[in-house]
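# Structure for the following, please:
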Amino acid sequence: MHILLVFCDGVGLGDDDPATNPFFHAPMKTLRALFGKIPTRADGILYGEHAILVPTDARLGVPGLPQSGTGQTTIFTGINAPAHIGEHLGPYPNDALRELLKQHSIFKQLGALGFSTAFGNAYPPFFFERLQRGKARRTATLQAAIAGDVRVRDVNHLARGEAVSGLSMNNKFWVESGASVPLITAHIAGENLMRLAQQFDFTAFEYAPTDMVGHKDNHADILGVLNEVDEFWGGIVAQMNLESDLVIITSDHGNIEDWTVKGHTLNPVPTILLGARRAEAAEKIRALTDIAPTVLDLLRDAGKFH
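Model (predicted):
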């Protein structure tokens, strides 16, 4: 069994109202094909032929707006990070969150059990220079991968189709910066990521633009990102094996689903479960704290435990 966790920052379940919800204004061909409609927070659990969508609590019993640092730490450890530190915090983790990631990263837990893991994001040369100097800003997701001694992929991996850019899936940013990488479509990027995931027990990927554009009042940019991420999901679906691959698409908090505000929301986030053992996973997930334990349980039960 191969599990691919696609983390899309800042995606919540919005209202069933085109006046506030930009999902109704984008084609969203992949999402509509999976569920026959645009999911909203009024729907509850949605069932498609090959996918299940579970509304997932990102508030975690802590007052205030959910944030990336604590939300991502929760996803990648299974620990209620905002409750642990007494607040929602972001965008980057503080010392207490970094310690949680260091000790309880899902990558580290799986590695200790003998499972193979990968992180699918590619980073440019300047990032590695900053990382070496201790100056690079690292998201909780990246810190979870580093805690598990997972390879951080670079321009060479991107050129070979063995990684995906988390900022420009078509590689335009990289090409304009002089990198020798091909221009591709978001669909091809999704195919590349799924091929990578099929070589490991667990793979994660982080996509940030959904949150970045949600903080700005530019409808064209929001729709552009929704189009890109939906096409990306389509590439993943096209490449995956529904009998042996499980794709988990989730988020840390709401934002992009309401373009009448320039910030995070209190909405639940959608966790989309696609492919193998999705019904079993759907029974286990109700909050962000449930995602990492579900991954562990599924891989153990798949007979991969050493």
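
# D57 bridge partners, please.
A287 (DSSP bridges).

# pretty sure it is touching L288, no?
Yes. Checked against CB atoms under 8 Å, the pair D57 and L288 is within contact range at 6.9 Å. All C-beta atoms are positioned from the backbone trio N, CA, C, and that covers glycine.

# More neighbours: these two, which one.
Comparing D57 with L288 by other CB atoms under 10 Å, the one with more neighbours is L288, at 33 against 15.

# Tell me the confidence at that one?
Note for L288: predicted pLDDT of 98.

# I'd say it and T70 touch.
No. At 9.2 Å, L288 does not count as touching T70 under the criterion of CB under 8 Å.

# what's the neighbour count on the residue nearest to L288 when sequence neighbours are not counted?
Nearest in space to L288, with sequence neighbours left out and distances taken as CB to CB, 6 or more residues apart in numbering, is T74 at 4.4 Å. T74 has 28 neighbours, counted by other CB under 10 Å.

# what's the least confident helix or strand in the chain, going by average pLDDT?
Sorting the helices and strands of the chain by mean pLDDT, DSSP states H and E puts helix 125-132 at the bottom, at a mean of 83.

# Check the offset of the helix or strand following it from the chain's centre.
Counting by DSSP states H and E, the next helix or strand C-terminal to helix 125-132 is helix 140-147. Distance of helix 140-147 from the chain centroid (CA atoms, centre = their mean, to the nearest Å) equals 13 Å.

# can you list the residues that contact helix 140-147?
7, 68-69, 72-73, 75-77, 92-93, 97-98, 101-103, 105-108, 117, 119, 121, 138, 152, 204, 206 (CB atoms under 8 Å, 6 or more residues apart in numbering).

# Quick one: mean pLDDT over the helix or strand following that helix.
Later in the chain than helix 140-147, the nearest helix or strand by DSSP H and E is helix 155-159. The average pLDDT within helix 155-159 is 96.

# list the helices and strands whichever helix or strand comes after helix 155-159 packs on?
Following helix 155-159 in sequence order, the next helix or strand is strand 164-165 (DSSP H and E). When contacts are defined as 3 or more CB pairs under 8 Å, 6 or more residues apart in numbering; DSSP states H and E, strand 164-165 sits against strand 121-122, helix 186-197.

# Return the next helix or strand after the longest one as CSV; C-alpha atoms alone will do.
On the C-terminal side of helix 186-197, the nearest following helix or strand under DSSP H and E is strand 202-207. Backbone C-alpha positions of strand 202-207 (Å, rounded to 0.1, in the frame of the first residue of the first chain) are rendered in CSV as follows:
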residue,chain,number,x,y,z
PHE,A,202,4.3,7.2,2.7
THR,A,203,4.9,10.4,0.8
ALA,A,204,3.8,14.0,1.7
PHE,A,205,3.6,17.2,-0.4
GLU,A,206,3.0,20.8,0.6
TYR,A,207,1.2,23.3,-1.5
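
# Just want the angle from strand 202-207 to helix 140-147.
150 degrees (axes from the mean of the first three to the mean of the last three CA atoms, to 10 degrees).

# what's in contact with strand 202-207?
Contacts of strand 202-207 (CB under 8 Å, 6+ apart): 2-9, 76, 106-107, 110, 115-121, 139, 141-142, 144-145, 164, 166, 193, 196-197, 229, 232, 295, 299.

# Quick one: buried ones out of those residues?
The neighbour count (16 or more other CB atoms under 10 Å) marks 2-9, 76, 106-107, 110, 115, 117-121, 139, 141-142, 144-145, 164, 166, 193, 196-197, 229, 232, 295, 299 as buried among those.
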